[in-house]
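Asks: generate coordinates for the sequence data below:
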Amino acid sequence: PNVLVLPHGLYYGRVDPHRAHEIIEAQERSEVVPELLRGRAVFQPAVQAAQHFARLTQSGRAIDDLNPIDWRTTSSGDVTVELSHAGGRLTVTVRPTKGPTRGYLTCKATEPLNPPTFSLLAIGFDG
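Replies: Just a heads-up that it's a prediction; the model follows:
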């Protein structure tokens, strides 16, 4: 699949060439295209997943919306992430699982791994 990396460390995946202009135009407006955005390279995968679910449920399109405030791993292995949103906090809990397909996760990877996948467990706004 096609991958596109833009300023702000934004990773997009499964980008068909006919949608590239949409991503560039969104970038110029300091926005993202949520359904194609894989995450922001500066955040760990669980935080990226929390932002993804929050963007889809809260219609957050601004690049700097939904910045992480804090995150913690529960005793069961789930990850709870607090994100800034609309003057309040959005709390998202995701469950990581081992992905089914092995692959090289970075350009410098020396062996293929099973990247994690995440499912949404809970999301709530504390305004």
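Asks: pull the contacting residues for the residue nearest to residue 122 when sequence neighbours are not counted.
Replies: In this structure, residue 122 finds its nearest non-sequential neighbour in residue 93, 4.4 Å apart by Cβ to Cβ, 6 or more residues apart in numbering. Where C-beta positions appear, they are placed from N, C-alpha and C, glycine not excepted. Contacts for residue 93 were tallied using Cβ atoms under 8 Å, 6 or more residues apart in numbering; they are 50, 74, 78-81, 120-123.
Asks: what strand or helix carries residue 93?
Replies: Residue 93 is part of strand 88-98 when elements are defined by DSSP states H and E.
Asks: what pairs with that strand, parallel or antiparallel?
Replies: strand 79-85 (antiparallel), strand 116-126 (antiparallel) (DSSP bridges).
Asks: with mean pLDDT added, can I get those in JSON lines?
Replies: Putting the strands paired with strand 88-98 into JSON lines (pLDDT from 0 to 100) gives the following:
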{"stretch": "strand 79-85", "mean pLDDT": "94"}
{"stretch": "strand 116-126", "mean pLDDT": "93"}
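Asks: before we move on, back to that, any of the contacts of residue 93 buried? List them.
Replies: By neighbour count, with 16 or more other Cβ atoms under 10 Å, these hold 50, 78-81, 120, 123 as buried.
Asks: and those residues as a markdown table, adding distance to residue 65?
Replies: Formatted as a markdown table, these follow (distance: Cβ to Cβ, whole Å):
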| residue | distance to residue 65 |
| --- | --- |
| 50 | 13 |
| 78 | 23 |
| 79 | 20 |
| 80 | 19 |
| 81 | 14 |
| 120 | 18 |
| 123 | 15 |
